[in-house]
Each structure stands twice: as C-alpha cells, then as structure tokens.
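**Q** quick check, what structure comes out for this input:
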Amino acid sequence: MTAARQALIQRFREEGSIQGDIVKVDSFLNHMVDPALMRVVGQDLAERFKSNGINKILTAESSGIMVAQAVATELNIPFIFAKKKRSVTMKKFYTASSYSYTKQEATTLYVSHEVLQPGERILFIDDFFAKGTTLKALTEIIRQARAELAGCAVIINKSKREDIESILHLNELKTLQKPK
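**A** The predicted structure follows:
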C-alpha cells in the first residue's frame, strides 16, 4: 500500500464521509487542504507518469489546483488551470463547457493560447473523477490546441472507468465508512 493511499484512508476514517455519491473530505482535501497530505499525493501520482514525457499538467479551477501543483512540483513541470472566467488579458483562448453535478451548475472553461502549445503532452489532474464532464471539456481544449492528452489522474475515482489513474476508488471508501 502506498504512503498516499494509507494517509488518505486514515484521514477518511477520521474525518471523511459519504453522502450518496458525494464524498465529503472538506477538512483535508477540497475546502481546507493539508499540504503534507498533498505532498504525498503528488509524489504518488507523479511516480506513475514520470516516464511518460509529460510537458504540462492541466486541471480546472479550483479544486484541481492543489493536486496539479503537487504533481507538477514532483515532475518539475508547469501546470495550467483552466479558468472559469476570462480575464481581460486573455486575448486568444481555447474554451469548452463543463457541468458540475456537485455544484449543480454549468461553467465555461478558458485556457490562453499563450500557455498551451501544439504538440505538448498533457496530463489531466483533478481531485475527483465522477461523470467525466471536466475531463471532456479539457480534452476539447487540448484538441483545440493540437496538443495530446497523455494521461489522466485523480485522487478519488467515483466512476467505473479503469483508464483513470487514482489513489482510491469510491467503492473502497464505501467499505471504510462507519455505519450510522
């Protein structure tokens, strides 16, 4: 068992819960972030892609940022976060729509032409993978840029997709939850 997996399981047992398909990890992952835990998570996910020739990491604002930074630090490459609002300095950009089932809202994601170049090998990173709407939007942005999606990784995979690298899966977490 990896250090990241062990640490996440311990924290989930102590502070996490599941409400339907919603994994509540606000006190250490996606509202308040434990930097020591992020370092271990970053090391784990980076190890899986260190030989893949990744040029940049791409995530969506905002909950994917902490994971992307941790992995990017380990791989010593830049990371990009797709913005939910286009700033006035972003003159040329790629764009795609995404829908958050957790937040129950649609959003448009923007990435500047300046930061995503044709031919780059991109690693998609996020905290969770659920229905794939964020990945679908960012894959469209990568396609527009004529870059290449070289891998996908998340902390927790809530889907049935097996091509998404993850440290934990929702089904595993359900077995850890204490009965109420």
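**Q** CA only for contacts and neighbour counts going forward, please
**A** OK.
**Q** could you pull out the helices for the protein?
**A** In the chain, the helices defined using DSSP state H lie at 3-15, 35-49, 65-75, 133-145, 170-176.
**Q** most tightly packed of those helices?
**A** helix 65-75 (a mean of 23; mean count of other C-alpha atoms under 10 Å).
**Q** give the other helices and strands that that helix contacts.
**A** Applying 3 or more C-alpha pairs under 8 Å, 6 or more residues apart in numbering; DSSP states H and E, one finds that helix 65-75 contacts helix 35-49, strand 56-60, strand 79-82, strand 121-129.
**Q** tell me the predicted confidence for the residue minimising distance to the centre of the chain.
**A** Nearest to the geometric centre of the chain sits residue 126, at 0.5 Å (C-alpha atoms, centre = their mean). For residue 126, the pLDDT comes out at 97.
**Q** just checking, residue 106 touches residue 100?
**A** Yes - with contact defined as C-alpha atoms under 8 Å, residue 106 counts as touching residue 100 (6.2 Å).
**Q** my guess is residue 54 meets residue 124, correct?
**A** No - between residue 54 and residue 124 there is no contact under C-alpha under 8 Å: 10.2 Å.
**Q** which one's more surrounded, the two?
**A** For residue 54 and residue 124, the more surrounded residue by other C-alpha atoms under 10 Å is residue 124, and the numbers stand at 25 against 19.
**Q** doesn't residue 55 make contact with that one?
**A** No - in this structure residue 124 lies outside contact range of residue 55 using C-alpha under 8 Å: 11.4 Å.
**Q** on that earlier part again, mind putting the helices and strands packed on helix 65-75 in TSV, distance to residue 139 included?
**A** Converted to TSV, the helices and strands packed on helix 65-75 look like this (distance: least, C-alpha to C-alpha, whole Å):
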stretch	distance to residue 139
helix 35-49	18
strand 56-60	10
strand 79-82	11
strand 121-129	9
